[in-house]
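Visitor: Can you look at this prediction? I've put the sequence above it.
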Amino acid sequence: MDLGIRGRRAVVCAASRGLGRGCAEALAAAGVDLVVNARGAEALARTAEAIRSAHGVQVTEVAADITTEDGRAAVLEAAGAVDILVTNAGGPPPGLWSDWDRADFIAALDANLLTPVALMQALLPGMMERGWGRVVNITSGSVKAPIPQLGLSNTARAGLTGFVAGTARQVAGRGVSINNLLPGIHATDRADALDGAVVRAQGITLEEARARRAATIPAGRYGTAEEFGAACAFLCSAHAGFIVGQNIVLDGGAINATI
Ligand code: NAP
C-alpha cells in the first residue's frame, strides 16, 4: 500500500534503536525525510546513516536529551515545519509504589508527559495552519492494564492519554490526527532491562525470564520494532485522517479485554 506521505517531513524522538528506530525506518521506507533524535551521538549517527543508505531519504540527526528544554529546542530548530511528529523517550525505572519520592515522579512526568505535550504544543500550530499533520505518541500497554512494578510509567502515561483525548478532538478539524500507540512487550533493550530485573529478583536466566513472559502472551512471542514501526507509519499515512484520539494496543493479545 502506498502510504501517500512521500516527501513529507517527520521528527522521530528517541530513535537510535528500539521502537523509535522502528518508526523512523518505516517512515523512511514510505519516503519521509526525517529528523531523528537520541542522546548518544555515535549510535544515532550510525542509525541515521543506515536509514539514509537503505531508503535514500534525508535524515538529520540531533543528539540531545529530549526530556530537557535545551534538547527539545535543538530538535525543534532542526525540525522546522514538519508534518509528522512521533514522540518517544526512555521509560521510567521499575520499583514499588512506596519507593518513589517527588523527584522521581517529576522526572517521570517530565519524560513521559510534559515532553510530548511540549513537542505537540510547539508543532501543532504549524500543522493546523498547513491543514495536515500526524502525531503518534509511543506510550505503553500500562495505560490500559497497569503494570504494578511500573507505577511511574502508569502514572505519567495516563496523564498523556488524558491530554491527547481532549486535544486530538480540538485539532482534528484542521487535518491533524493525534493517536497513541501502546506497546506490550517488544524485543528491545528496554525489554532486556525489564527482564534483567526479573532475572535478579527470581534468580533465573535471561532466557528463562523471556520464555516465561512470552508464555503469558497469546501470540507466544515478543513484538518486533519492525511491526511496531509499520503500525506507526500507517497512523502517519494519508489514509489515517479519520483515526482520531485512539489508543492502539500492540501486545500480541496480552491484555485480556473484550474492547
Ligand atoms: P530502547 O530500546 O531502550 O530504546 C530507547 C531509545 O530512546 C534509544 O534510542 C535511546 O537512545 C533513546 N532515548 C532514551 N532516553 C532518551 C532521552 N531522554 N532523549 C532522547 N532519546 C532518548 O526502548 P524501547 O523499547 O524502544 O522503548 C521506547 C518506549 O516505549 C519507552 O518509553 C518504553 O518505556 C516504552 N515501552 C516499551 C516496551 C517494550 O517492550 N520495549 C513496552 C512498553 C512500553 P539514547 O539512550 O542514546 O538516548
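Guide: It's in. Residues are numbered from 1 along each chain as shown.

Visitor: need the contact list for Leu206.
Guide: Counting by CB atoms under 8 Å, 6 or more residues apart in numbering, Leu206 touches 192, 195-196, 199. Where C-beta positions appear, they are placed from N, C-alpha and C, glycine not excepted.

Visitor: how close does it get to the ligand?
Guide: Distance, Leu206 to the ligand, by CB to the nearest ligand atom, to the nearest Å: 15 Å.

Visitor: Apply the buried test to the contacts of Leu206 and list what passes.
Guide: 195, 199 (16 or more other CB atoms under 10 Å).

Visitor: Now tabulate the contacts of Leu206 in CSV and tack on secondary structure, pLDDT and distance to Gly223.
Guide: What follows is the contacts of Leu206, written out as CSV (DSSP: H, G, I helix; E, B strand; the rest coil; pLDDT from 0 to 100; distance: CB to CB, whole Å):
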residue, secondary structure, pLDDT, distance to Gly223
Asp192, helix, 92, 14
Asp195, helix, 92, 14
Gly196, helix, 92, 18
Val199, helix, 94, 20
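
Visitor: mind checking the longest helix of this structure?
Guide: As assigned by DSSP state H, the longest helix anywhere in the chain is helix 151-171.

Visitor: Pull out the buried residues from that one.
Guide: Along helix 151-171, these residues count as buried under the neighbour rule (16+ other CB under 10 Å): 151-161, 163-164, 167-168, 171.

Visitor: and what of stretch 67-85?
Guide: 67, 71-72, 74-76, 78-79, 82-85.

Visitor: And the furthest pair within these?
Guide: Maximum pairwise distance among these (CB to CB): 23.7 Å, between Thr67 and Asp83.

Visitor: follow-up on the earlier one: going by distance to Arg17, which of the buried residues of helix 151-171 wins?
Guide: Using CB to CB, these come closest to Arg17 at Ser153, 18.9 Å.

Visitor: returning to that earlier point: nearest to the ligand among the buried residues of stretch 67-85?
Guide: For the buried residues of stretch 67-85, the minimum distance to the ligand (CB to the nearest ligand atom) is 4.4 Å, reached by Thr67.
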